[in-house]
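Student: Generate a structure from the sequence data that follows.
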Amino acid sequence: MKHISLLMSLAIAMPAVAQTRSEEVLPEMKVIVTAIGDGYRPAADTALMLSSTPGYSVAAGGGVSGLPVVNGFADDRIKIRIDGMELTSACANHMNAPLSYIDPQQVQRIRLIAGVTPVSAGGDSIAGTIEVQSNAPVFAQSGAELLTQGSIAVSGRSVNNSVSTSVNASAASAMFSIGYSGAYTRGHSYEDGHGNKVLGSMFESINQAIVLAAKGQGQQLTLRAGVQHIPYQGFPNQYMDMTDNHGQFANLAYRGEFGWGALDARAYWQQTDHEMGFFSSERTGTMPMLTHGRNTGYALIASLPMAAGELRLGQEWHGFRLDDYWPAVPGSMMMGPRTYLNINDGKRDRTVLFGELETRHDARWTSVLGLRGESVRMDTGAVQSYGTNMMNMADSMAAAAFNARSRSRRDTNIDASAQATFTPDTASSYEFALARKVRSPNLYERYSWGRGSMAMTMTNWFGDGNGYVGDIDLKPETAYTAALTADWHGGGEEGWFLRVNPYYSKVDNYIDADVLASFHPYMKMGANGNLLRFANHDARLYGVNLAWQLPLARGSQWGSLTASGNAAYTRGKRSDGGDLYRMMPLNAVLAVEHKLGAWSSRIETKIVARKDKVDARRLEPETGGYALVNLRSSVALGKMASLSAGVSNLFNRAYADPLGGVYLSGLKANGGALQALPAEGRSIDVGLQLKF
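Tutor: Got it, this is the predicted structure:
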């Protein structure tokens, strides 16, 4: 069956600079996922690797912790799997988002399944799935000598004086393999188009992993283990910064092929120790916030060949544990004398069964039908405020009310998907998709309880400067999605194509927010914020994605010249009125790429319309339209080296990120006025990789 997705195979330490267009076949997708290459920006953040996909955006966070947005759905509404592991952010600000746990230089493949996701690709999400695969184990040919290989890479960017390095090495026989990968990246605070430093946007991240594998007689066993350390990471659109983050994981996978079909099995464990506070000169004071999170899970999938297709049956379990507490600050009247228990022994367990049937009806029609059932159990222990004095009275009363309630909840969620592909000839295909997708609230949406303005502003992964409180009685959100993808093409992989993908989602019990009160961030009278409660409201999201490619010229002497691009339009509305938060305005990328031998060069223009459809409840800032010009070039220096260079934002355009939220770390420096987060100015980017 024809599928649509993104395959981005990393070749050098600057993945965004060196990539060319490539595609992979996936189950019938709704969003057109065409890699035309970011082309100009080496990504320190894995979330940025999909930035060239129409309908995909990244909501700004820290330097390695952006939050993905797909067709207007963001963050937890997207299922993210890293080597099959389902990870959950262990932070009230989602600073340690799942994609932050793997460096782009460790990624071998990343793919986006958007909109109508097959049930085998994950549940507990309504927007789609991002699947990341790290470097796969390699084996020597049967009878060959020991195979050894490796690479060293380095890259840098001028806009934040960042440096990224990586090393990969492996040794393998025909039956056994061992590999190591390490990546380090560090960046100072970046400069905007006016040459002003965006305060508190510096970061540092270290990732290391090993992979051990054995195979034989149609079976393979793979063990991955790794550690991550982020000593610091600034968040200019949050009240807090990350002052430390330690993560460890172990992941055991098995695949066996038998006469009756194939079996895939996986078991994994991951834990995080996370700390928020202040470390930069822009933010002073003491307020430690500590979080411990643990993910454990397993998955079993059996693939059974049928007469006209394949039947896939699966069973999964995922458990998440969370403790979020804020130690007392000695001598503080407000932050003491007790430890503030924000989430105490939080539990979220999912038990899953699914079945999926893929059928080829004839030479022109194929279909995928799937049904998935999930039981989601959630609970948490008793909580407490810093104290019971007048300064903590609102939180003290809220804690008492919270502790008096029954907090255990169970959701029974049913997903269903139906996809069909019609291929009338070799030059066209049409894909139709319908789905019912369900997501239960996360632990913070259900169990954050503080009612003081300080406590509420500590729960916020939206970068909007507001404060939030949860609701134990939240219902799961259920999305009914319909999508069509029309694909016309010719001339093979280097030929022309045009893809059009309209979609529509009706979401019952969409988890949005209601306004409770207002306040002034940092007590600056010129800045306004709202205190909000998570609440269910019906909503609808709709839009269209486009992608195209057109060869312009080709010759042995002058090489090939190709025009390509994409465009996306998304709207999101609440049924009772008002726009949804973080809806990317109309945007497009227009590019021309030249290839000649080992050289590849590209010029592109990214155009984004004015954002004037904003969420009034969250006081979302409007942003102006802009156009950016980006250049890049890369050359392969034989088989053992590659060099790349580029310029992003060539004309140093000053603009605000439409999904960046508000510039909280610059509030005091800007005279107490709250403004949209400034985006990066011009940057010169270079990268080098050596293989051995």
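Student: How many residues are close by Tyr386?
Tutor: 28 (other Cβ atoms under 10 Å). Backbone N, C-alpha and C define where each C-beta goes, glycine included.
Student: Go through the chain and flag its longest helix.
Tutor: The residue-count maximum for a helix in the chain (DSSP state H) belongs to helix 393-403.
Student: residues of the following helix or strand past that one that come out buried?
Tutor: Using DSSP states H and E, the helix or strand that follows helix 393-403 in sequence is strand 409-425. Across strand 409-425, burial judged by 16 or more other Cβ atoms under 10 Å covers 409, 411, 413, 415-421, 423.
Student: What of stretch 175-195?
Tutor: Neighbour-count burial for stretch 175-195 flags 176-177, 179-187, 189-193 (criterion: 16+ other Cβ under 10 Å).
Student: swap in stretch 232-247?
Tutor: Under 16+ other Cβ under 10 Å, the buried positions of stretch 232-247 are 232-245, 247.
Student: What separation do you get for the residue nearest to Asn442 when sequence neighbours are not counted and Ser440?
Tutor: Once flanking residues are discounted, Asn442 sits nearest to Asp76: 5.4 Å by Cβ to Cβ, 6 or more residues apart in numbering. Separation of Asp76 from Ser440 (Cβ to Cβ, to the nearest Å) stands at 10 Å.
Student: cool, Gly465 as well?
Tutor: Distance from Gly465 to Ser440, by Cβ to Cβ: 27 Å.
Student: Next: Thr459.
Tutor: From Thr459 to Ser440 the distance is 18 Å (Cβ to Cβ).
Student: try Val544
Tutor: From Val544 to Ser440 the distance is 30 Å (Cβ to Cβ).
Student: Just want to know which of these two has more residues nearby.
Tutor: For Val544 versus Ser440, neighbours defined as other Cβ under 10 Å are more numerous around Ser440 (26 against 18).
Student: Quick one: residues contacting that one.
Tutor: 124, 348, 376, 378, 411, 413, 476 (Cβ atoms under 8 Å, 6 or more residues apart in numbering).
Student: Restricted to strands, list these.
Tutor: 348, 376, 378, 411, 413 (DSSP state E).
Student: sorry, back to before: the buried residues of stretch 175-195: which two are farthest apart?
Tutor: Put simply, by Cβ to Cβ the two of the buried residues of stretch 175-195 set farthest apart are Phe176 and Gly193, 52.6 Å from each other.
Student: count of neighbours near Ala535?
Tutor: Other residues near Ala535 come to 16 when the count uses other Cβ under 10 Å.
Student: if I pick it, what's in contact with it?
Tutor: 471, 474, 511-514.
Student: Now, of those, which are buried?
Tutor: By 16+ other Cβ under 10 Å, the contacts of Ala535 give 471, 474, 511-513 as buried.
Student: Export those as TSV, with columns for secondary structure and pLDDT.
Tutor: Below are the buried ones among the contacts of Ala535 laid out as TSV (DSSP: H, G, I helix; E, B strand; the rest coil; pLDDT from 0 to 100):
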residue	secondary structure	pLDDT
Asp471	coil	98
Leu474	coil	98
Ile511	strand	98
Asp512	strand	98
Ala513	strand	98
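Student: want to try CSV for those residues, with distance to Gly625 as columns?
Tutor: Shown next, in CSV, are those (distance: Cβ to Cβ, whole Å):
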residue, distance to Gly625
Asp471, 37
Leu474, 36
Ile511, 30
Asp512, 26
Ala513, 27
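Student: bridging residues for Val544?
Tutor: Pro502, Tyr569 (DSSP bridges).
Student: So it sits against Tyr503, correct?
Tutor: Yes - contact criterion Cβ atoms under 8 Å: Val544 and Tyr503 qualify, at 7.4 Å.
Student: Kindly state the beta-bridge partners for Glu358.
Tutor: Beta-bridge partners, per DSSP bridges, of Glu358: Glu310, Val368.
Student: my guess is it meets Ser417, correct?
Tutor: No - look at Glu358 against Ser417 with Cβ under 8 Å: they stay out of range, at 11.5 Å.
Student: Name the residues contacting each of the two.
Tutor: Shared contacts of Glu358 and Ser417 (Cβ under 8 Å, 6+ apart): Val368.
Student: nearest spatial neighbour of Ser120, skipping sequence neighbours?
Tutor: Closest residue in space to Ser120, ignoring its immediate chain neighbours: Glu356 at 4.8 Å, by Cβ to Cβ, 6+ apart.
Student: In PDB, could you pull the C-alpha coordinates for whichever strand or helix holds the one you found?
Tutor: For Glu356, the element it lies in under DSSP H and E is strand 340-360. C-alpha atoms of strand 340-360 as PDB (Å, rounded to 0.1, in the frame of the first residue of the first chain):
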ATOM      1  CA  TYR A 340       5.200  22.300  48.500                       C
ATOM      2  CA  LEU A 341       3.800  19.100  47.100                       C
ATOM      3  CA  ASN A 342       2.600  19.800  43.600                       C
ATOM      4  CA  ILE A 343       2.200  16.300  42.200                       C
ATOM      5  CA  ASN A 344       2.600  13.600  44.900                       C
ATOM      6  CA  ASP A 345       3.000  10.100  43.800                       C
ATOM      7  CA  GLY A 346       1.200  10.700  40.500                       C
ATOM      8  CA  LYS A 347       0.300   7.600  38.500                       C
ATOM      9  CA  ARG A 348      -0.800   7.300  34.900                       C
ATOM     10  CA  ASP A 349      -1.100   3.700  33.500                       C
ATOM     11  CA  ARG A 350      -2.300   2.700  30.000                       C
ATOM     12  CA  THR A 351      -3.300  -0.800  29.000                       C
ATOM     13  CA  VAL A 352      -3.800  -1.400  25.300                       C
ATOM     14  CA  LEU A 353      -5.200  -3.900  22.800                       C
ATOM     15  CA  PHE A 354      -5.400  -3.300  19.100                       C
ATOM     16  CA  GLY A 355      -6.000  -5.000  15.800                       C
ATOM     17  CA  GLU A 356      -5.300  -3.700  12.300                       C
ATOM     18  CA  LEU A 357      -6.100  -5.300   8.900                       C
ATOM     19  CA  GLU A 358      -4.300  -4.100   5.700                       C
ATOM     20  CA  THR A 359      -5.900  -5.500   2.500                       C
ATOM     21  CA  ARG A 360      -5.000  -5.200  -1.200                       C
END
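Student: Return the list of helices and strands in contact with it.
Tutor: Counting contacts by 3 or more Cβ pairs under 8 Å, 6 or more residues apart in numbering; DSSP states H and E, strand 340-360 is packed against strand 289-306, strand 309-326, strand 365-379, helix 443-447.
Student: could you dump these to JSON lines with mean pLDDT?
Tutor: Below are those laid out as JSON lines (pLDDT from 0 to 100):
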{"stretch": "strand 289-306", "mean pLDDT": "97"}
{"stretch": "strand 309-326", "mean pLDDT": "98"}
{"stretch": "strand 365-379", "mean pLDDT": "98"}
{"stretch": "helix 443-447", "mean pLDDT": "98"}
